[in-house]
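A.B. asks: coords below, sequence missing:
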């Protein structure tokens with residue numbers, strides 16, 4: 001059994017160094033633990049109002065809940081990677097992330113551009 005404190009070592013492109021990565025976690029673990037009948041009502045509603053099958057609707061509900069369960073630090077790092085892969089500069093990236101954070105389901109406190117950079121680069 002893997003505990004969240006276990007660290008896996010992966011080879012780093014710099015010779016003699018390793019990347020310390022946290023234990024892979026189940027994406028939906030926390031969502032499934034807090035599942036309530038309210039989710040069943042939502043799944044039933046999606047099945048009635050869309051062409052989705054019950055399994056597809058359940059997957060979408062779990063995906064949405066997992067998305068909103070993402071911590072601020074995880075969101076900032078993920079968005080930085082996504083925007084960087086599109087060729088945006090750090091100035092553009094951090095400005096966009098800063099404007100997106102208040103629109104999250106549970107908005108974090110205001111973070112300065114410096115705080116955002118520290119979340120990404122340490």
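C.D. replies: Right, received. Where do you want to start? Nothing here was measured: the structure is a model prediction, and the numbers come from that model.
A.B. asks: so where is the protein shaky, pLDDT-wise?
C.D. replies: Scanning the chain for pLDDT under 70 picks out 1-38.
A.B. asks: can you map out the helices along it?
C.D. replies: 29-33, 37-49, 54-68, 72-85, 90-100, 113-121 (DSSP state H).
A.B. asks: and the third one, what does it pack onto?
C.D. replies: Taking 3 or more Cβ pairs under 8 Å, 6 or more residues apart in numbering; DSSP states H and E as the contact definition, the neighbouring helices and strands of helix 54-68 are helix 29-33, helix 37-49. In short, each C-beta sits where N, CA and C put it, glycine included.
A.B. asks: how near is the residue nearest to residue 72 when sequence neighbours are not counted to residue 80?
C.D. replies: Setting aside the residues directly before and after it, residue 72 is nearest to residue 108 in space (Cβ to Cβ, 6 or more residues apart in numbering), at 4.3 Å. Separation of residue 108 from residue 80 (Cβ to Cβ, to the nearest Å): 15 Å.
A.B. asks: which of those two has more neighbours?
C.D. replies: residue 80 (21 against 13; other Cβ atoms under 10 Å).
A.B. asks: Which residue comes closest to that one once chain neighbours are left out?
C.D. replies: residue 120 (4.8 Å).
A.B. asks: contacting residues for the closest residue to residue 116 other than its chain neighbours?
C.D. replies: The shortest distance from residue 116 to any non-neighbouring residue, by Cβ to Cβ, 6+ apart, is to residue 94 (5.0 Å). Neighbouring residues of residue 94 by Cβ atoms under 8 Å, 6 or more residues apart in numbering: 80, 113, 116-117.
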